[in-house]
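Chemist: quick one: sequence plus predicted model below, questions after.
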Amino acid sequence: MNETTKKKIDDILKQNEICLFMKGTPDVPQCGFSLAVSNVLKHLKVNFKGINVLEDNEIREGIKEYSDWPTIPQLYVKEKFLGGCDIVKEMFEKGELQKILNVK
Amino acid sequence: MGLKIEEIKRLIKSSIPDAEIDIQDLAGDNNHYSATIKSKVFSGKSKIEQHKLVYKALNGKMGNELHALALNTIES
């Protein structure tokens, strides 16, 4: 990944406490897994920034390298990679996600 | 496109030999699977680390030839 892409991702994470890299947007997700994570966050009524990786191929490929994680979606909270769809759903079911996001 | 269940199992087994693997083909298209994998190598690791071990076993195929593999990893 080049420096420009890395800086772009760093900046996005710094500016958005809860950030979801996804295919499509929270309103119009383009993939079932992105839809699932987006819906969990909406259900918890948290404000999050959806980054549509389909609009930026450098971010789409860069974010996989950034987290060493091969798939989209990817959820970040306070600049930390939390997980993909399976992990986020599991954390939600166990109540762990609510604690991290500080919601009920 | 897509990987057969047996091929996915073989790849996982080759780097996690003690893995007990159950794979479901969710859509019948060789491209959307759900896998439950039980192994000793997962013990003491975070979920992210556990899933990364599986992705590494798949040798770069995840997100490429293999579009969707829902993972459930269990420590044995």
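Modeler: Happy to help now that I have it. Keep in mind the model is a prediction, meaning the values are calculated, not measured.

Chemist: so who does the residue in chain B that chain A sits nearest to touch?
Modeler: Closest approach between chain B and chain A, counting by C-beta to the nearest C-beta: B:Gly63, at 3.9 Å. Every residue, glycine included, has its C-beta placed from N, CA and C. B:Gly63 makes contacts with A:Lys64, A:Pro70, A:Thr71, A:Ile72, as judged by C-beta atoms under 8 Å, 6 or more residues apart in numbering or on different chains.

Chemist: what is the nearest of those residues to chain B?
Modeler: A:Pro70 (3.9 Å).

Chemist: so residue 41, which state does it fall into?
Modeler: Here I'm looking at chain A. Following DSSP: H, G, I helix; E, B strand; the rest coil, A:Leu41 is assigned to helix.

Chemist: pretty sure it is touching A:Pro29, no?
Modeler: No: with contact defined as C-beta atoms under 8 Å, A:Leu41 does not count as touching A:Pro29 (11.4 Å).

Chemist: picking up where we left off before, could you dump the contacts of B:Gly63 to TSV with distance to A:Leu35 and pLDDT?
Modeler: What follows is those, written out as TSV (distance: C-beta to C-beta, whole Å; pLDDT from 0 to 100):
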residue	distance to A:Leu35	pLDDT
A:Lys64	20	96
A:Pro70	19	95
A:Thr71	14	95
A:Ile72	12	96
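
Chemist: show me the one in the residues you listed that has more neighbours than the rest.
Modeler: In terms of neighbours by other C-beta atoms under 10 Å in any protein chain shown, these top out with A:Ile72 at 25 neighbours.

Chemist: chain A contacts on chain B?
Modeler: Within reach of chain A by C-beta under 8 Å from any C-beta of the partner chain, chain B has these residues: B:47-48, B:51-52, B:55, B:60, B:62-64, B:68, B:70-72.
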